[in-house]
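Trainee: let's see this in three dimensions:
(chains A, B and C)
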Amino acid sequence: MTTFIQLVFSGLALGCDYALIALGFTIIFKASEVINFAQGEFLLVGTFVVSVAMFTWRLGFFPALVIGIGVTSLIGVLFERVVLRRMIGRPPFNIIMVTIGLDVLLLTGVIILVGGRNPSSPVPFDTLSGFSIGGVEFGANAIASIVVTALVCLGLYIFLRYTRYGLAMRATAIDQEAARAMGIKISTVYALAWGISGAIATIGGIFLAAGAGNPSFDVTLGQSALVAFPAIILGGLDSIPGAVVGGIAIGLIYVLTQGYESGGFLGANFHLIAPYLVMILVLMIRPHGLFGTRKVERV
Amino acid sequence: MSTPSPAPAVSPTPTVSVTPARANWWHSSRNRTLLLIGILVLGVVFLFGGDGWVSVLDATMVWAIAALGLNVLSGYAGQISLGIAFFMGIGAYTAGWLGGGPPLFPGDPNGLGLSFLIWLPASGIVAALIGALVGPTALRLKGFYLGIVTLALVFIGQYLFLNLRSVTGGAQGRSNFPTPGFGDFSFASPTTVLGVDLTINQWYFLLLLPLLVIAAIFVGNVARTRVGRAWRAVRDNEVAASIMGVNLFVAKMGAFILSSFLAGIAGALYASLSGIATPGTWNLLLSVQLIAAILIGGAASVWGSILGAAFVFALPIALDSLQLLPQSASSTGLSSGDLSAILYGLLIIVFLLYEPAGVIGLIYRLRTTTQRFEARRKGGDPATQTMTPSDNESQLDVEPVDRAERTDMPQAPN
Amino acid sequence: MAILQSRRSRRYVLSVLTVLALIGAILSACGTSGGGGIKAGPGVDTAKKVINLGILTPLSGPVAAPIGIPLTKGIETYFKAVNATGGIDGYTVNLVEKDSQYNPQLQVQLYNQIHNQVLMLAESLGSPTTQAIVALSERDKMLVSAASLDSILARQQYMVMIGTPYRLQVENGLEYATKVAAQLGVTNPKVGIISQDDAYGQDGLTGYNEAIGCYTNLNNVAQATYEATDTSFVAQVTKMKQAGAQFVVLTAIPSAAAGIMGTAAALGYHPQWILNSPAGANVLLAAAPALLPLFEKSVWVVAQGATWGDTSQPGMAEMLTNVQKYAPDQKPDGYFEFGYAEAKVTYAILKKAADNGDLTRDGLLKAFNSLGSVDLGGLFGANAHYGSSANQRVPTRDNSVYGIDPTVPNNFKNLSGDFTGTCATKSSF
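Mentor: Okay, the predicted model is just below:
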């Protein structure tokens, strides 16, 4: 039983990391209808920058975090302005491919800068700290993941509901033309979406890197973010609460299958594809996910 | 030389998107010259280039076949697919299972040792069958959703390859892939034929070139028929296509099956050339590189597939051998692999921004621009000039390069 | 032909043909000069007295910095020293290095590029990469010094191996564990293994299963695998923890090993960790300075080689002198040592062949088969033995178990001394 609780707790923490990544996807999608395949590498870049700032430049955690968020947001905003702005009206295939091009660029850039040493996980507390109840360990990093995710969700909620810019974003997501007609500056909304998405990616990346006690990470960190795709499909592509729920669900599925697969008839590494199998199932049965809006295509 | 005839003025806009009864491109003598030059270059490299360059050409030709397959599905039919690595893997393991010899290393699964004439087509057919199985479910989805499902296919494929040890050799991979051979003659130990003593890589070259040519001609021809036009119609606007009477399901499935077939063949040849494949060989990066190849070379274009494959796959080696980035353990700088990754990442973005039809599109655009320039030079307003084709070149020789001109809004996935 | 009818196109084609002919002429101008008293194979320039050796190793990518680069530097340093003291019977050694990026397909391409320019490969790093060129090197009759500890390469005729395979490392490590357990009064120690899901992990797992068979008092309680891109090791660790494994073998890469051990610590689980040599690369310590106290208490690394700085071993003393001269920035690194020792074996083969007056590929093979044992001067625990036929050519089977000790120069302290376990001695592969 303790195993089960331990796995559930870890799944929850991992799920919160995935939720943050999924949120990043969803925010961009809601604002500009683009799926950013490079989101995983945003995560990697952000985490890498924070790590360098913290350990090589010896800044404190929060200054380093600010720098990391700044860099990723900047890359996002620049990419949106320089590249995506010019691709409006192009076929979706091309837009998706352009984000894949960015993905390759960012990943190779980090590979070159990292140079083969594994950067240390940039968390502000000792990864080994935590407390235990009845044989189940509640690690500091896991608790932080859950708490921070909750805070980020709260912050987003407040932002979207109660601030002018949040309102502008929601309006743009519902109907771009009408929003523009009301005087909302779409370019600001886009920039904001990419910026927020980059910031959330950095935060998610930090927790993902530290895991349940990893002292370091390597350049494949971005690949782990691919699992967020099943999360957003499950939750619904254009739903923010869906992203969170989907992320947590996928995290739980991942860790629980990992814990119980034990080389039985399912073979090795089943946990890696379990989220994708769930995703395919969702796509067959309920393509708009748990919370997404059903799109009606008028012909 | 033809003289300007008093025909009505022809507007010199190059972006014609209709290719009716398309003239055979090699009716133009310029194209024939280019082809001859290409053959001469290949011949020179084949005879004098040394084993290194010949083996690079071999690998490039295999990649070109894979790129052709991807182009059929994504370029002509416009279906986003990240799954080509999976189908290549299927083809490779089919070839290994049917044609492979005794194990080279402990952990290698057994092969049935069947002949080349069986395992090569079989690798394509099995991949096509799997494509037929997967297709109906996958192709119900569009755009991003299709992309994600094909992404999942790659991961599911790797999981299957990891666990089906009796065919794939599991984590340690498999080394006993078959080499091509006809009857007594095998590439693995070629005997001197007709007094000519060629290296193994040269024999592969002599095999791969005709295979590539056949694949290229086949794809090019299909693209010119009703099937190909149906694909393009599906790509451009599914709703309009179905209204016009195109059976969407048949068109998409056809593209998917042909694409998987070519990918399977390419995978088998790739494994045969490389001598070893692990489940990690058929990874997402492979699919991304092939997509980069067709985007840079030119989507929906046979030559584009070949050029793109050459660029993405031969460039790192070419850079390496030109010693532009000399490397030793004591002085490591930028590696050629990293440099070419940056290059093709950048080029994907640049091409998609400015020339979505890739290098081929650029070439056509340049050519029509020079034609326009020539017309202007001959004097007068180009609008009233007749564009007389020079050297028997057909005006209708232009690939549809108008993907940039379309203005439909990005579609929200349904 | 229609092409040649137009004068303009005729000139065009003619100029193109000229250019092509020139290219052809340039490309075919290559080759080594012959002549001289010694029989020379490809890659040997008897006029300039140079022997060219190839190196296929990752110089970029994740395997480069922890393994590929230090190992290759070890080889470079040794041959720099050799060249400075007159070379091999007057021949200097030139290393042709190519970056394989740990990609087997790329390795095959690069092999095809250099195989006619070199006499043998002084290094081919990695198991899948080396497997990819085994058939090719057999066809070319070219010796390959394989920088891989995967046991499945051991019986190949043209592979020069050095170092104890991963499989035997695990067996030796577990023998040491039984000894320590006995001292602590634990009669049936519970053991488990976490391995990477690739060839390396597979080799470790094979050794683990063999050891379970050999040492009957070992109680196998749990096995788990992980994938290279996993960031969460909670499931695997929990499995070990629930089963109560007291010794856990880690056939992993350094980042995963750090992650697994860190996760275990966070989950309050403290077994004795037994690491294969790659997991215990120096990179491990650099990646996790915060975990050093933890490592000190509970990590063993199964490897071999003299402790860096132990000048009582003549081989180490010689290496340190050369490091001073040719690679003064080199920090203590087990892989550097490995490469240096590997180069010593390569030198022994070349020297013997040169003394025989036969620097052809066949000459090298003969020299290798008649090599007997190579004196490594204590750089590795025992000397390397090579028999006269492929089946007798057993790589070393000995290991030492090292603990982590920050007070020692390389941070690794030899706990067990060099030994060959009973299981490792009789393991056949």
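Trainee: would you enumerate the residues in contact with C:V221?
Mentor: Contacts for C:V221 (C-beta atoms under 8 Å, 6 or more residues apart in numbering or on different chains) come out as C:K190, C:V191, C:G192, C:A243, C:G244, C:A245. Bear in mind the C-beta positions are built from the backbone N, C-alpha and C, glycine included.
Trainee: again, but for B:D320
Mentor: B:S336, C:K98, C:D99, C:L110.
Trainee: residues contacting the second one?
Mentor: Under the criterion of C-beta under 8 Å, 6+ apart, the neighbours of C:K98 are B:D320, C:G54, C:I55, C:L56, C:T57, C:L110, C:Q113, C:I114.
Trainee: what about the third one, which SS state?
Mentor: When classified by DSSP: H, G, I helix; E, B strand; the rest coil, C:I55 comes out as strand.
Trainee: count of neighbours near it?
Mentor: If you count neighbours by other C-beta atoms under 10 Å in any protein chain shown, C:I55 ends up with 29.
Trainee: rewinding a little: just the buried ones from the contacts of C:K98?
Mentor: B:D320, C:G54, C:I55, C:L56, C:T57, C:L110, C:Q113, C:I114 (16 or more other C-beta atoms under 10 Å in any protein chain shown).
Trainee: ramachandran angles for the residue lying closest to B:S186 once chain neighbours are set aside?
Mentor: Leaving out its chain neighbours, the residue that sits closest to B:S186 by C-beta to C-beta, 6 or more residues apart in numbering or on different chains is B:T179, at 6.0 Å. Main-chain torsions, B:T179, degrees, to the nearest 10: phi -100, psi 150.
Trainee: and A:P287, by the same measure?
Mentor: Torsion angles, degrees, to the nearest 10, at A:P287: phi -60, psi -20.
Trainee: around chain B, pick out the residues from the stretch 151-299 of chain A.
Mentor: Proximity of the stretch 151-299 of chain A to chain B, by C-beta under 8 Å from any C-beta of the partner chain, involves residues A:223, A:226, A:229-230, A:233, A:237, A:267-270, A:272-273, A:276-277, A:279-280, A:283-284, A:287, A:295, A:297, A:299.
Trainee: any idea how far C:P165 is from B:P106?
Mentor: 12 Å (C-beta to C-beta, to the nearest Å).
Trainee: which of the two has more neighbours?
Mentor: Higher neighbour count among C:P165 and B:P106: C:P165, with 26 against 11, using other C-beta under 10 Å.
Trainee: follow-up on the earlier one: closest to C:D45 out of the contacts of B:D320?
Mentor: C:K98 (19.2 Å; C-beta to C-beta).
Trainee: the closest one - that's part of a helix, no?
Mentor: No - checked against three-state DSSP, C:K98 lies outside a helix; its state is strand.
Trainee: so what's A:I203 closest to, chain neighbours aside?
Mentor: Distances taken as C-beta to C-beta, 6+ apart place A:L20 nearest to A:I203, at 6.0 Å, with adjacent residues excluded.
Trainee: for that neighbour, give its distance to A:Y190.
Mentor: 21 Å.
Trainee: equivalent analysis for C:S137, please.
Mentor: 56 Å.
Trainee: from the contacts of C:V221, which two are the most distant?
Mentor: So, these by C-beta to C-beta: farthest apart are C:V191 and C:G244, at 10.5 Å.
Trainee: which one's more surrounded, those two?
Mentor: Between C:V191 and C:G244, counted using other C-beta under 10 Å, the more crowded position is C:V191 (29 against 13).
Trainee: what residues are bridge-paired with that one?
Mentor: Counting by DSSP bridges, C:V191 is bridged to C:N220, C:F247.
Trainee: which residues does it contact?
Mentor: Contacts of C:V191 by C-beta under 8 Å, 6+ apart are C:174, C:177, C:208, C:212, C:218-221, C:245-249.
Trainee: can you list those in a markdown table and add distance to C:V299?
Mentor: Shown next, in a markdown table, are the contacts of C:V191 (distance: C-beta to C-beta, whole Å):
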| residue | distance to C:V299 |
| --- | --- |
| C:L174 | 15 |
| C:A177 | 13 |
| C:Y208 | 18 |
| C:I212 | 22 |
| C:L218 | 19 |
| C:N219 | 21 |
| C:N220 | 21 |
| C:V221 | 20 |
| C:A245 | 15 |
| C:Q246 | 14 |
| C:F247 | 12 |
| C:V248 | 11 |
| C:V249 | 12 |
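Trainee: pLDDT for those - can I get that in a markdown table?
Mentor: Formatted as a markdown table, these follow (pLDDT from 0 to 100):
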| residue | pLDDT |
| --- | --- |
| C:L174 | 94 |
| C:A177 | 93 |
| C:Y208 | 95 |
| C:I212 | 93 |
| C:L218 | 92 |
| C:N219 | 92 |
| C:N220 | 92 |
| C:V221 | 91 |
| C:A245 | 93 |
| C:Q246 | 94 |
| C:F247 | 95 |
| C:V248 | 96 |
| C:V249 | 96 |
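Trainee: burial of residue 277, as a residue count?
Mentor: Just so you know, I chose chain A. Other residues close to A:L277 by other C-beta under 10 Å number 17.
Trainee: not quite, go with chain B.
Mentor: Using other C-beta under 10 Å, B:A277 is surrounded by 28 other residues.
Trainee: that one contacts B:G170, correct?
Mentor: No - counting by C-beta atoms under 8 Å, B:A277 sits too far from B:G170 to count as a contact (11.8 Å).
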